[in-house]
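>>> Sequence first, predicted model second:
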Amino acid sequence: MKYKLFIFSLLLLSCNSGKQSTNLIDISLDTWILENQEVKSLLSDYIHALKKYPSREKSFIVMDYRVINDSTFSFILWESVDICSFIYLAPLTIFQFENRLICLKTNQLNIFRINDDFLIEFMKKNYPDQYMYYLKFGNYPPPITGGWLEWELFFQNDHFICKKVLHTP
């Protein structure tokens, strides 16, 4: 029940949008403030850990919310550099943290998708090679795969319990 309230709250809050600048493009971002200090600290640690690896131009972080049971959930964090993360993962909201674009998504609620006009404009401005593919073939390009740093952060009763490194570059 707790995760249903969480998702409902996300949907309600996402209706309040404002124009904010990101390191990728100017887009309408939900006016979110990350308040949980544990999540802030862990997300900051992840961003810091990314600096150990070669920079990925115009990357953003995907934060995948997964419910494990009534008292346990996790966030899987990974870095993305292509339009496919927006197409296939359909973020619930997009926000900025430490000058990084963060896309919060969940597999628990697959009733939304991002507007095609936004996707095409985003791709055109940020991923011109992928946009050229789209123009040539009339379809979105296949996902870019590679060695991303991937963490899973586990929470129980709303408190962090452990981190699992799923993949390192």
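Done, it's in.

>>> what bits of the chain have low per-residue confidence?
1-32, 55-57, 90-91, 107-112, 146-147 (pLDDT under 70).

>>> which secondary structure elements does the longest helix along it contact?
Counting by DSSP state H, the longest helix found in the chain is helix 37-50. Packing contacts for helix 37-50, counted by 3 or more CB pairs under 8 Å, 6 or more residues apart in numbering; DSSP states H and E, involve strand 60-67, strand 72-80, strand 93-97, strand 150-156, strand 159-167. C-beta coordinates here come from the backbone N, C-alpha and C atoms, glycine included.

>>> Show me the contact partners of it.
Defining contact as CB atoms under 8 Å, 6 or more residues apart in numbering, one finds that helix 37-50 is touched by 34, 61, 63, 75, 77, 79, 97-98, 100, 102, 149, 151, 153, 155, 159-160, 163.

>>> give me the element the residue of the chain most remote from its centre is part of.
The centre of the chain is farthest from one residue, Lys136, which by CA atoms, centre = their mean lies 27.7 Å away. Using DSSP states H and E, Lys136 sits within helix 128-137.

>>> filter the contacts of helix 37-50 to the buried ones?
Buried members of the contacts of helix 37-50, counted by 16 or more other CB atoms under 10 Å: 61, 63, 75, 77, 79, 97, 100, 102, 149, 151, 153, 155, 160.

>>> ok, and the closest non-adjacent residue to the first one?
When the adjacent residues along the chain are set aside, Ile61 lies closest to Ile102, with 5.0 Å between them (CB to CB, 6 or more residues apart in numbering).

>>> isn't that neighbour right next to Gln96, touching?
Yes: Ile102 lies in contact with Gln96 (CB atoms under 8 Å); the separation is 6.9 Å.

>>> since we're on Thr145, how many residues are nearby?
8 (other CB atoms under 10 Å).

>>> May I have the secondary structure class of it?
coil (DSSP: H, G, I helix; E, B strand; the rest coil).

>>> and it, how far is that from Ile87?
Going from Thr145 to Ile87 by CB to CB, to the nearest Å gives 15 Å.

>>> Quote the end-to-end distance of stretch 116-136.
End-to-end distance for stretch 116-136: 17 Å, by CA to CA, to the nearest Å.

>>> what's stretch 52-62 in contact with?
23-24, 43, 46-47, 76-81, 85, 89, 91, 100-103, 105, 126-127, 149, 169.

>>> In that stretch, which residues are buried?
Ser59, Phe60, Ile61, Val62.

>>> And those, which is closest to Asn69?
Comparing the buried residues of stretch 52-62 against Asn69 with CB to CB places Val62 closest, at 22.8 Å.
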